[in-house]
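Undergrad: model the following, please.
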Amino acid sequence: MLEVAALFYGLLASFIMASASRNKREARGHPPILTLFGWAMLSFSAVMGAMLLAYAGWLLLTGAVG
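TA: Next comes the predicted model:
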(Lines give C-alpha, C1' and ligand atoms only; values in the text may rest on other atoms or scores of the structure.)
Protein backbone atom coordinates (compact mmCIF):
# COMPACT_ATOMS: atom_id res chain seq x y z
CA MET A 1 0.00 0.00 0.00
CA LEU A 2 2.91 2.31 0.73
CA GLU A 3 4.20 1.78 -2.80
CA VAL A 4 0.88 2.87 -4.30
CA ALA A 5 0.83 6.00 -2.13
CA ALA A 6 4.42 6.85 -3.11
CA LEU A 7 3.62 6.36 -6.79
CA PHE A 8 0.50 8.53 -6.54
CA TYR A 9 2.43 11.24 -4.67
CA GLY A 10 5.17 11.23 -7.32
CA LEU A 11 2.72 11.40 -10.21
CA LEU A 12 0.77 14.23 -8.59
CA ALA A 13 3.95 16.18 -7.80
CA SER A 14 5.22 15.70 -11.37
CA PHE A 15 1.93 16.91 -12.82
CA ILE A 16 1.86 19.97 -10.57
CA MET A 17 5.47 20.92 -11.36
CA ALA A 18 5.00 20.37 -15.11
CA SER A 19 1.83 22.48 -15.15
CA ALA A 20 3.44 25.28 -13.14
CA SER A 21 6.51 25.35 -15.36
CA ARG A 22 4.39 25.37 -18.53
CA ASN A 23 2.30 28.25 -17.20
CA LYS A 24 5.44 30.19 -16.31
CA ARG A 25 6.99 29.55 -19.74
CA GLU A 26 3.80 30.74 -21.46
CA ALA A 27 3.55 33.73 -19.06
CA ARG A 28 0.09 32.71 -17.88
CA GLY A 29 -1.33 32.78 -14.39
CA HIS A 30 -1.82 29.59 -12.42
CA PRO A 31 -5.37 28.33 -11.85
CA PRO A 32 -6.40 28.49 -8.18
CA ILE A 33 -6.69 24.68 -7.93
CA LEU A 34 -3.09 24.26 -9.13
CA THR A 35 -1.90 26.74 -6.51
CA LEU A 36 -3.96 24.97 -3.84
CA PHE A 37 -2.55 21.55 -4.69
CA GLY A 38 0.97 22.98 -4.88
CA TRP A 39 0.71 24.42 -1.38
CA ALA A 40 -0.86 21.20 -0.10
CA MET A 41 2.01 19.11 -1.53
CA LEU A 42 4.58 21.52 -0.07
CA SER A 43 2.93 21.39 3.36
CA PHE A 44 2.59 17.61 3.31
CA SER A 45 6.25 17.19 2.34
CA ALA A 46 7.44 19.57 5.06
CA VAL A 47 5.31 17.97 7.78
CA MET A 48 6.30 14.42 6.83
CA GLY A 49 9.97 15.40 6.74
CA ALA A 50 9.76 16.96 10.19
CA MET A 51 7.90 13.95 11.58
CA LEU A 52 10.44 11.49 10.16
CA LEU A 53 13.33 13.53 11.60
CA ALA A 54 11.62 13.63 14.99
CA TYR A 55 11.06 9.86 14.86
CA ALA A 56 14.69 9.23 13.92
CA GLY A 57 15.82 11.46 16.81
CA TRP A 58 13.53 9.65 19.22
CA LEU A 59 14.92 6.29 18.11
CA LEU A 60 18.47 7.54 18.66
CA LEU A 61 17.69 8.97 22.10
CA THR A 62 15.96 5.87 23.35
CA GLY A 63 18.73 3.59 22.11
CA ALA A 64 16.47 1.60 19.80
CA VAL A 65 18.98 2.06 16.96
CA GLY A 66 22.69 1.60 17.09
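Undergrad: by contact count, what packs against the helix or strand residue 34 falls within?
TA: Using DSSP states H and E, residue 34 sits within helix 32-62. Where contact means 3 or more Cβ pairs under 8 Å, 6 or more residues apart in numbering; DSSP states H and E, helix 32-62 is packed against helix 2-25. All C-beta atoms are positioned from the backbone trio N, CA, C, and that covers glycine.
Undergrad: helices or strands up against the helix it packs on?
TA: Secondary structure elements in contact with helix 2-25, counted by 3+ Cβ pairs under 8 Å, 6+ apart, are helix 32-62.
Undergrad: got the angle between the helix it packs on and helix 2-25?
TA: 130 degrees (axes from the mean of the first three to the mean of the last three Cα atoms, to 10 degrees).
Undergrad: quick check: the most centrally placed residue in the chain vs residue 12, distance?
TA: Within the chain, one residue has its C-alpha closest to the average C-alpha position: by Cα atoms, centre = their mean, that is residue 45, at 3.5 Å. Look at residue 45 and residue 12: by Cβ to Cβ, to the nearest Å, they are 11 Å apart.
Undergrad: so residue 13 touches residue 41, yeah?
TA: Yes: taking Cβ atoms under 8 Å as the contact criterion, residue 13 and residue 41 are neighbours in contact, 5.7 Å apart.
Undergrad: need the residues touching each of the two.
TA: Contact criterion Cβ atoms under 8 Å, 6 or more residues apart in numbering; no residue bridges residue 13 and residue 41 by contacting each.
Undergrad: show me where pLDDT drops low in this structure?
TA: Applying pLDDT under 70 to the chain picks out residues 66.
Undergrad: hmm, what's the outermost residue in it?
TA: The centre of the chain is farthest from one residue, residue 63, which by Cα atoms, centre = their mean lies 29.7 Å away.
Undergrad: give me phi/psi at that residue?
TA: With angles defined as degrees, to the nearest 10, residue 63 shows backbone torsions of phi 80, psi 20.
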